[in-house]
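In: sequence and predicted model, in that order:
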Amino acid sequence: MKKEIAPKRPGPHASDSSLLFFTPSYRNDIDRLVLLRRSMRKFYRGSAQHVVAVPESDLALFRTALRDDDCTLVSQQSLVDRRFFPTALYSLVDRYAPGQAWRFAKHAGKGGWIIQQIAKLNAKSLQERGPILVLDSDLFFFRSFDDADLLADRGRVLVRITPTTESGRHRKHIAGARKLLRLPEGSTEHHYMSCPAILQAEWLHELGRHLEQLHDKPWQDVLLAEETMSEYSIYGVFVEETLKPSDLVIHERSFNHMLWDTHSYARFFADPQSVLTEDPSKVCVVVQSALKVPADEYTQALEKILGHP
């Protein structure tokens, strides 16, 4: 039977500093998550636990699909305040009279993407110390790797990317993070988006405490009031500009081949090996779910990489 755990309450004597993989997901991404787990079973050479957080209503589905002893399920409701989720009334109206759902907007909660962001920031409740590697469902590994391929100096790493051209959305998120953290304006030429993303549990604890001190209310209440946000921007700006840890290691390259448009997708699956050998530092591929390509469309192409049906 699939294991389920409740988040641990951080305690003053907690000393867990091992690596933890963490993935927020939901039923529409279950096929992608199965591919991710297949690739990890084949290529991962470490012993880290993988925790997958899904909505309560999806637990039974994931329990059946993930026949995997190295993967543990938790509910997103155990990590995220209930006010982020739609109420039973709103869900009922949205299901049977969707045209009238707008009348109950104040009961709609936040979108699933926002809920997943809060779950990532609260992954600290699963582990007191140590690195947490966030793996999105649309990621899969393509070569052997271990913890050392992703971490340095016991994992105290912050991934910061400075692209040749920066998007307006990323600029807005960096500026918004500084405003939330009450910092002066600064450069928006970089971002902290990465797959996998690396979050340090103890720095997440510091971030939560800092937000509560600044705004005089629980940190999830602070973020509930935000219209738009980026968890990685808030975390990255806080670590680099507020916390400023002496042992911070900045990693300036991504770990993945990003298939973000139809051209990059077609190029990769036309000749995967030529792309995979371009940069030996990369360990995974991301087929962005925004492309809306069903996982079963590219599963067959992945069999050559995974090496088994």
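Out: Sure, I can see it.

In: can I take it that H257 is in a helix?
Out: No: H257 is assigned strand when assessed by DSSP: H, G, I helix; E, B strand; the rest coil, not a helix.

In: wait, it touches V283, no?
Out: No: look at H257 against V283 with CB atoms under 8 Å: they stay out of range, at 9.5 Å. Heads up, the C-betas are built off the backbone N, CA and C, glycines and all.

In: tell me, how many neighbours does M40 end up with?
Out: 22 (other CB atoms under 10 Å).

In: can you check the one 5 residues further on too?
Out: A count of nearby residues for R45, using other CB under 10 Å, gives 10.

In: where does it fall, phi/psi-wise?
Out: Note on R45: backbone dihedrals following degrees, to the nearest 10 are phi -110, psi 30.

In: could you check the pLDDT of the nearest residue to it once chain neighbours are set aside?
Out: Excluding the flanking residues, the one nearest R45 by CB to CB, 6 or more residues apart in numbering is D146, at 4.2 Å. As predicted, D146 sits at a pLDDT of 92.

In: I'd like to know how far D146 sits from S25.
Out: From D146 over to S25 the distance is 24 Å, taken as CB to CB, to the nearest Å.

In: more neighbours: those two, which one.
Out: Per other CB under 10 Å, whichever of D146 and S25 has more neighbours is S25, with 26 against 15.

In: state the pLDDT value of that one.
Out: 96.

In: with the one 3 residues further on instead?
Out: For N28, the model assigns a pLDDT of 92.

In: name the SS class of it, please.
Out: From three-state DSSP, the assignment for N28 is helix.

In: OK, contacts around it?
Out: By CB atoms under 8 Å, 6 or more residues apart in numbering, the contact set of N28 is empty.

In: show me where this structure has helices.
Out: Assigned by DSSP state H, the helices in the chain fall at 30-43, 59-65, 88-96, 112-121, 168-180, 201-215, 219-224, 231-237, 262-270, 272-276, 295-306.

In: please work out which of those is packed deepest.
Out: Mean neighbour count (mean count of other CB atoms under 10 Å) peaks for helix 231-237 among the helices of the chain, with a mean of 25.

In: give me the contact list for it.
Out: By CB under 8 Å, 6+ apart, helix 231-237 touches 117-118, 120-121, 158, 160, 170, 173-174, 176-178, 180-181, 183, 191-194, 197, 199, 203-204, 207.

In: one more: stretch 38-48?
Out: Everything outside stretch 38-48 that qualifies as a contact, by CB under 8 Å, 6+ apart, is 18-21, 50, 68, 70, 133, 140-147, 283-284, 302, 305-308.

In: do that again at 10 Å, thanks
Out: Contact with stretch 38-48 is made by 18-21, 37, 50, 68, 70-71, 130-133, 135, 139-150, 283-285, 299, 302-303, 305-308, as judged by CB atoms under 10 Å, 6 or more residues apart in numbering.

In: try stretch 84-91
Out: 55-57, 76-77, 92-94, 101, 103-112, 114-115, 117-119, 220, 223-224.

In: cool, and stretch 259-267?
Out: 138, 257-258, 268-269, 274-275, 285-288, 290-291, 293, 297-298.

In: name the nearest of these relative to L126.
Out: Among the contacts of stretch 259-267, D138 lies closest to L126 (CB to CB), at 21.9 Å.

In: how many other residues sit next to that closest one?
Out: 22.

In: what does the pLDDT read for it?
Out: At D138, pLDDT is 91.

In: give me the phi and psi angles of it.
Out: Torsion angles, degrees, to the nearest 10, at D138: phi -90, psi 20.

In: go ahead and confirm it touches P294.
Out: No: contact between D138 and P294 fails when scored by CB atoms under 10 Å: they sit 11.5 Å apart.

In: what is in contact with these two at once?
Out: With CB under 10 Å, 6+ apart, D138 and P294 have common neighbours R32.

In: residue ranges with poor pLDDT in the stretch 101-250 of the chain?
Out: 152-155, 165-167 (pLDDT under 70).

In: spatially central residue in this structure, please.
Out: V134 (4.3 Å; CA atoms, centre = their mean).

In: what sits against F22?
Out: 49-53, 74, 79, 119-120, 123, 126-127, 132-135, 196-197, 199.

In: list the buried ones in stretch 224-231?
Out: Using 16 or more other CB atoms under 10 Å as the test for burial, stretch 224-231 gives L224, M229, S230, E231.
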